[in-house]
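Visitor: Show me the folded form of this:
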Amino acid sequence: MYIKEKTEELKGLLEIGEKYTLLGVSETLATTIKREVYLLDIVERDYAQYKNITQIQYRLRGKRKILGFYLSNSSIILKGWDLGITIDSEYSMFSGNALINIVDDDAESVIRKIEFSHIYGNRGFIVFSTKKNLMNKNALYPEDAEKVCNGHAPLRRMLGKVI
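Guide: Prediction:
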């Protein structure tokens, strides 16, 4: 589940003290999480059975407590806050499909927002639904989703592949 990234390479992409939006999948319910953070540090750690994985240390927007976030295959890092990207749990509903679930009426505007601020992460794990039909989800980047769908049953089901 977790990947090892070269910490120096990631430090070259991100700036300590800057504002970022982290999109990821929670480890408990496999739901989408969105955190607006101040980046404090990027370190390599041992976590459970994983050796030398990358951890982002941050402070949440408006809070003082220092927290950590381990980068996984489905982690996305976007530059800035208030990007206009809405996740499904902000509509009092969530999907435990281990994907990043974005809700908006216009897929093209979401793609523009992500392209403008995307720094790190595989976009194949991002799925899209409209506000009117939250249950009908489609891959926002189908060509990237094709590359990562082999080990991910909900994504394969969305792409119409036999499970």
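Visitor: Would you double-check that Lys147 falls in a helix?
Guide: Yes - counting by DSSP: H, G, I helix; E, B strand; the rest coil, Lys147 falls inside a helix.
Visitor: In contact with it, which residues?
Guide: 122, 124 (C-beta atoms under 8 Å, 6 or more residues apart in numbering). Where C-beta positions appear, they are placed from N, C-alpha and C, glycine not excepted.
Visitor: what comes up buried for stretch 106-118?
Guide: With burial defined by 16 or more other C-beta atoms under 10 Å, the residues of stretch 106-118 counted as buried are 110-111, 113-114, 117.
Visitor: okay, the residues you listed in TSV with secondary structure and distance to Glu143 next?
Guide: Listed next are these as TSV, based on DSSP: H, G, I helix; E, B strand; the rest coil; distance: C-beta to C-beta, whole Å:
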residue	secondary structure	distance to Glu143
Val110	helix	16
Ile111	helix	12
Lys113	helix	19
Ile114	helix	14
Ser117	helix	20
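Visitor: now, among those, which is nearest to Lys19?
Guide: Ser117 (10.6 Å; C-beta to C-beta).
Visitor: would you turn the buried residues of stretch 106-118 into JSON lines with distance to Lys137 and pLDDT?
Guide: Below are the buried residues of stretch 106-118 laid out as JSON lines (distance: C-beta to C-beta, whole Å; pLDDT from 0 to 100):
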{"residue": "Val110", "distance to Lys137": "13", "pLDDT": "90"}
{"residue": "Ile111", "distance to Lys137": "15", "pLDDT": "90"}
{"residue": "Lys113", "distance to Lys137": "18", "pLDDT": "90"}
{"residue": "Ile114", "distance to Lys137": "16", "pLDDT": "90"}
{"residue": "Ser117", "distance to Lys137": "22", "pLDDT": "87"}
